[in-house]
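Enquirer: prediction below, plus the sequence it came from.
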Amino acid sequence: MTRDLRPETLVARAGVATDPSHRGVSPPLHLASTFGWRDPEEKPAFDYSRSGNPTRSELGRALADLEGASVGIVTASGMAAVDLPLNLVSPGDLVIAPHDCYGGTFRLLSAHARRGDFRVEFVNQTDASALARALAKRPKLVFIETPSNPLLRITDIAAAAAAARAAGAVVVADNTFLSPALQQPLSLGCDVVVHSTTKYINGHSDVVGGAVLIRDRSLGDELAWWANCRGVTGAPFDSYMTLRGLRTLFPRIERQQETAGAVARALSADDRVAKVYYPGLASHPGHELARRQQSGFGAMLSVEFADGVDALGVLRALEIFTIAESLGGFESLVCTPATMTHAAMTPEARRLAGISDRLVRFSIGLEHPHDLIRDIFAALDSVAAPSPGRVACLRKWDEAHAC
Ligand code: PLP
């Protein structure tokens, strides 16, 4: 594939018509764990599937092209992807991460630090002076996660990456929440991008996987060496499925974010909802920054209901949304981060990150926006009296969409 193709074309064509045996239009799935050598002194391109596999390398190449990376490493999970760059740090080194990073990342970094593998400091990276104070301690590695999970805070990637690199750190961005379709952190100065491909990249909630995309070849080769050494590379079947999901990434996420915007606007107009966290709303503190550094606002949103509204009762009354962890699939999900995705954080860490026990997070899927909005309002109606604002809003929506 040539580099000057548009990303939509790159993903639609990834691996297509590359089968040399039968000219299959969709690429074959290579399940072999080991590959024959013609001669004991002539190492083939692929010799053993932990080290390299044709199906996995097709996915790695497509993701590297999308993120503008030199090297793409496909891992067995998003957590394996987050863990891989940690091979670059040694005991005594400092790692900086967002104070509201994904709960599993918080648990991983805290566990490593407790064992003395390195030191870790969690910082509110949207606060430039807090970040500057942390960078003055000369960290070896800085993690960025924007939009953050679950409060959708937006960090200025270019500014944070420039400051972190000036402090001598390797900068790693978790781009799971937007995918390369909506944000490219390497072009904004990061060294490494990690993904839970479980989410938007696969998009069908049937594979757990991850990826590490590295800008510079030498750093990429070092991390690829560690991925093989530690045995964290992804399975061929998972790679095949993920490549299949990746082809529809753009239309999926574009439609999902359009619906997320409609849901966010509808909920904002209801006085039983105290706060809506969605970067696409002009009232969101990161709105202007998100507009500049992202090519869309994404399909994740969180809400806090008003005092007296039974949030768990709303969740239990929802009929379309499934109560489940994860995000980015074709189906809409809802969760309470305090008891689900972020349960691995201590209550104190959650308090510092602003994650209240009442916060509810929605991952918006491909269902019709009208049905999703109605589902939320019906669930709200079952626990609290509807407000006139809600009725007007729904009527406006019905009129605009003739449904
Ligand atoms: N990073 C982010 C932002 C996530 O939301 C998740 C999972 O929810 C992960 C990393 C971990 O990915 P996985 O569950 O594929 O291991």
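Expert: Perfect, thanks for sending it.
Enquirer: for this protein, which segments are assigned as helices?
Expert: With helices called from DSSP state H, the chain shows them at 7-13, 54-67, 78-83, 103-114, 128-135, 157-166, 217-230, 236-246, 249-268, 287-293, 311-317, 347-353, 369-381, 388-401.
Enquirer: quick one: those helices as TSV, columns for mean pLDDT too.
Expert: What follows is the helices of the chain, written out as TSV (pLDDT from 0 to 100):
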stretch	mean pLDDT
helix 7-13	92
helix 54-67	97
helix 78-83	98
helix 103-114	95
helix 128-135	96
helix 157-166	98
helix 217-230	98
helix 236-246	98
helix 249-268	98
helix 287-293	98
helix 311-317	95
helix 347-353	88
helix 369-381	96
helix 388-401	63
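Enquirer: who wins for proximity to the ligand among these?
Expert: Smallest distance to the ligand across these (C-beta to the nearest ligand atom): 2.1 Å, for helix 78-83. Every residue, glycine included, has its C-beta placed from N, CA and C.
Enquirer: can you show me the CA trace of that closest one as PDB?
Expert: Output of helix 78-83 as PDB, limited to C-alpha atoms (Å, rounded to 0.1, in the frame of the first residue of the first chain):
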ATOM      1  CA  GLY A  78      -5.100  -3.600  25.200                       C
ATOM      2  CA  MET A  79      -3.400  -4.100  28.500                       C
ATOM      3  CA  ALA A  80      -0.600  -6.000  26.900                       C
ATOM      4  CA  ALA A  81      -0.200  -2.900  24.600                       C
ATOM      5  CA  VAL A  82      -0.200  -0.500  27.600                       C
ATOM      6  CA  ASP A  83       2.400  -2.800  29.400                       C
END
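Enquirer: hmm, that helix in reach of the ligand?
Expert: Yes - residues of helix 78-83 are located near the ligand by C-beta under 6 Å from any ligand atom, namely 78-79, 82.
Enquirer: neighbour-wise, which of the residues you listed leads?
Expert: V82 (27 neighbours; other C-beta atoms under 10 Å).
Enquirer: quick one: contacts for the residue of the stretch 201-350 of the chain found nearest the ligand?
Expert: Residue nearest to the ligand within the stretch 201-350 of the chain: V208 (5.0 Å; C-beta to the nearest ligand atom). For V208, the contact set (C-beta atoms under 8 Å, 6 or more residues apart in numbering) comprises 76-78, 198, 238.
Enquirer: export those residues to a markdown table and tack on distance to G286?
Expert: Putting those into a markdown table (distance: C-beta to C-beta, whole Å) gives the following:
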| residue | distance to G286 |
| --- | --- |
| A76 | 32 |
| S77 | 28 |
| G78 | 23 |
| T198 | 25 |
| D238 | 33 |
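Enquirer: many thanks, we can stop here.
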